[in-house]
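[1] Predicted structure and sequence below. I'll ask about it afterward.
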Amino acid sequence: MTVAEACDIAVVGAGPAGAVAAAILARKGYDVVVLERQSFPRFSIGESLLPQCMVFLDEAGMTGPVQAAGFQLKDGAAFDRGGLRSSFDFSDKTAEGWSTTFQVKRAHFDKLLADEAEKAGAAVHYRHEIVDARFDEQAAHLTHVDEASTRATLKCRYCLDASGFGKSLSSLLGLNEPGDGSDRESIFTHIRDGAGACTIDRNKILITVHPVHHRVWFWLIPFSDGTSSLGVAGPGSYFSGYSGDPLADLRKIVSETGLLGDIVKHAAFDFPVRRTAGYASRVSRLYGRRFALLGNAGGFIDPVFSSGVTIALKSASLAASATERELKGETVDWERDFAAPLNVGVETFRQFVAAWYDTSLQDIIFAKTPNPRIRRMICSILAGYAWDPSNPYVVHPRRRLTALSEMCRLEK
């Protein structure tokens, strides 16, 4: 299918943010064109969703297809550190809303959302890369190249960049900046986890802290087909002490843990092992004349609390609303209506991540006698409800986390 020369809205990237924004706007009658650099399905990380995601999938009309797809149910998160255990059930939270979600292989999940965006009326084109972008008062002009190296230009009234780690517009416009923790690295793969995984609750992500190096942590995300996503993340300096072979290093590091090492002891490591570094990022601004940056295209914090897809979908919802108003001729303040409200949750997650790596949040999670109401507030953030103004850990996250961690340490 040939890409049109003009449309109302161009969406760069067909991942979750792009698909949801495209579906919302297409359902409202706008002419939406999605340009995706890769072919789908394709591998992507970020496989453990948060219940807050379901709100935005529902807004895009995608809840039913996602529920029918056979993904692994997720109802909480479990933590382990040197034999200390803690578990959060997402139904035990202060925020209203969904208490369950899914753990998904992103190849299947992202393709499903992109297909739903097409069904909603968006034109989705794969293997089209943005190589240049110009913006004026009336339109955005996106030069794209297909797999046959054919160049063309798409003119649109507004452009939403949801290109993820590809960072199409932010790279072209020089907006990228290193994020906090840009020195962190990760090694990850999928495994056939075997009988050992029966010892865990497959409805929860398992986050394991290294028994000695508490800034190094592991994830185990069970899927519905008997496989799991397994990964380790931490400071780059920690990984420098290993061989540099991703498979050998991952197996060796996992073997240093207790519970997790036992769970995957008999697992089959027959999927490619990937290693990535410097993934934390920010941008100098999230919007400009005729464009806005969604999801990872606007920055990425850290994988520890699975916040990436939630932030991406929140940004898609906010951007779709602001874009619709702009195209109707209303005056839109993109700082007030998009960037500022988005950053409320982003900053909440950022402070929780910072507290995780300085181990103060770990002290809270593994507290011997936690306050039940405060624990429900923390659970709300872990479930993705990082935009809830009634939650004190959203309004003043760092101050309250610091005070709470000091109280937990006094109990030891």
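    Structure's in. What do you need?
[2] Could you use CA atoms for every contact and neighbour count after this?
    Will do.
[3] quick one: low-confidence parts of this structure?
    194-198, 412 (pLDDT under 70).
[4] Which residue lies nearest the spatial centre of it?
    In the chain, the residue lying closest to the centroid (CA atoms, centre = their mean) is residue 308, at 1.6 Å.
[5] mind checking the end-to-end distance for stretch 358-371?
    22 Å (CA to CA, to the nearest Å).
[6] ditto for stretch 282-291
    Across its full length, stretch 282-291 reaches 17 Å end to end, with CA to CA as the criterion.
[7] what's the distance between it and the middle of its chain?
    Between the mean C-alpha point of stretch 282-291 and the mean C-alpha point of its chain there is a distance of 19 Å (CA atoms, centre = their mean, to the nearest Å).
[8] In that stretch, which residues are buried?
    Neighbour-count burial for stretch 282-291, with 16 or more other CA atoms under 10 Å as criterion, is recorded at 282-283, 286-287, 290-291.
[9] Need the contact partners of that stretch.
    Under the contact criterion CA atoms under 8 Å, 6 or more residues apart in numbering, stretch 282-291 has outside partners 135-137, 139-140, 157-161, 170, 175-179, 292-294, 298-300, 334, 339.
[10] quick one, longest strand in the protein?
    Ranked by residue count, the top strand of the chain under DSSP state E comes out as strand 151-161.
[11] Direction included, what does it pair against?
    Partners of strand 151-161 in the sheet, by DSSP bridges, are strand 6-12 (parallel), strand 140-146 (antiparallel), strand 291-293 (parallel).
[12] Among the buried residues of stretch 282-291, which pair sits farthest apart?
    Distances among the buried residues of stretch 282-291 were taken as CA to CA; the most separated pair is 282 and 290, at 20.0 Å.
[13] How is the closest residue to residue 121 other than its chain neighbours assigned, secondary-structure-wise?
    Using CA to CA, 6 or more residues apart in numbering and skipping residues adjacent in sequence, the residue nearest residue 121 is residue 26, 5.3 Å away. Classification of residue 26 into helix, strand or coil gives helix, according to DSSP: H, G, I helix; E, B strand; the rest coil.
[14] how many other residues sit next to residue 26?
    23 (other CA atoms under 10 Å).
[15] Hmm, residue 123 and it touching each other?
    No: when contacts are counted by CA atoms under 8 Å, residue 26 is not listed as touching residue 123 (9.2 Å).
[16] Name the residues contacting each of those two.
    Taking CA under 8 Å, 6+ apart as the contact criterion, the common neighbours of residue 26 and residue 123 are residue 32.
[17] Would you list the phi and psi of the residue lying closest to residue 184 once chain neighbours are set aside?
    Residue nearest to residue 184 in three dimensions, not counting chain neighbours: residue 235, with 4.3 Å by CA to CA, 6+ apart. In this entry, residue 235 is assigned phi and psi values of phi -60, psi 140 (degrees, to the nearest 10).
[18] which residues touch residue 235?
    Counting by CA under 8 Å, 6+ apart, residue 235 touches 181, 183-185, 215-216.
[19] Now intersect the residues you listed with the strands, please.
    Members of these lying in strands (criterion: DSSP E): 184-185.
[20] Buried ones among the contacts of residue 235?
    181, 184-185, 215-216.
[21] As TSV, those with distance to residue 30 would be great.
    Formatted as TSV, the buried ones among the contacts of residue 235 follow (distance: CA to CA, whole Å):
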residue	distance to residue 30
181	39
184	41
185	41
215	46
216	46
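[22] and which of these is nearest residue 201?
    Out of these, the member with the shortest distance to residue 201 (by CA to CA) is residue 216, at 22.3 Å.
[23] Determine the three-state secondary structure at the closest residue to the closest one other than its chain neighbours.
    Beyond its immediate neighbours in the sequence, the residue positioned closest to residue 216 (CA to CA, 6+ apart) is residue 234, lying 4.4 Å away. Local secondary structure at residue 234 is given as strand here, using three-state DSSP.
[24] who touches residue 234 in this structure?
    Residues 184-186, 215-217 are the ones in contact with residue 234 under the rule CA under 8 Å, 6+ apart.
[25] now swap in residue 70 and tell me
    Taking CA under 8 Å, 6+ apart as the definition of contact, the neighbours of residue 70 are residue 224.
[26] what about 10 Å?
    The neighbourhood of residue 70, defined by CA atoms under 10 Å, 6 or more residues apart in numbering, consists of 102, 104, 223-225.
[27] Got a ChimeraX select line for the buried ones in the residues you listed?
    ChimeraX command restricting those to the buried ones, with burial defined by 16+ other CA under 10 Å:
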select :102,104,223,224
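[28] CSV for the buried residues of stretch 282-291, including secondary structure?
    Output for these, formatted as CSV (three-state DSSP):
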residue, secondary structure
282, strand
283, strand
286, coil
287, strand
290, coil
291, strand
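[29] Is it possible to get those residues out as JSON lines so that each row also shows distance to residue 361?
    Converted to JSON lines, the buried residues of stretch 282-291 look like this (distance: CA to CA, whole Å):
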{"residue": "282", "distance to residue 361": "23"}
{"residue": "283", "distance to residue 361": "26"}
{"residue": "286", "distance to residue 361": "29"}
{"residue": "287", "distance to residue 361": "32"}
{"residue": "290", "distance to residue 361": "40"}
{"residue": "291", "distance to residue 361": "36"}
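[30] what's next to the helix or strand hosting residue 132, contact-wise?
    Assessed by DSSP states H and E, residue 132 sits inside strand 128-135. In this structure, residues lying in contact with strand 128-135 by CA under 10 Å, 6+ apart are 3, 12-13, 34-39, 140-159, 163, 166, 168-169, 172-173, 288-291.
[31] Pull out the buried positions in it.
    Residues of strand 128-135 classed as buried: 128-130, 133, 135 (neighbour count, 16+ other CA under 10 Å).
[32] what's the answer for stretch 141-150, then?
    Going by neighbour count (16+ other CA under 10 Å), the buried part of stretch 141-150 is 141-146.
[33] wait, what's in contact with residue 337?
    318-319, 321-322.
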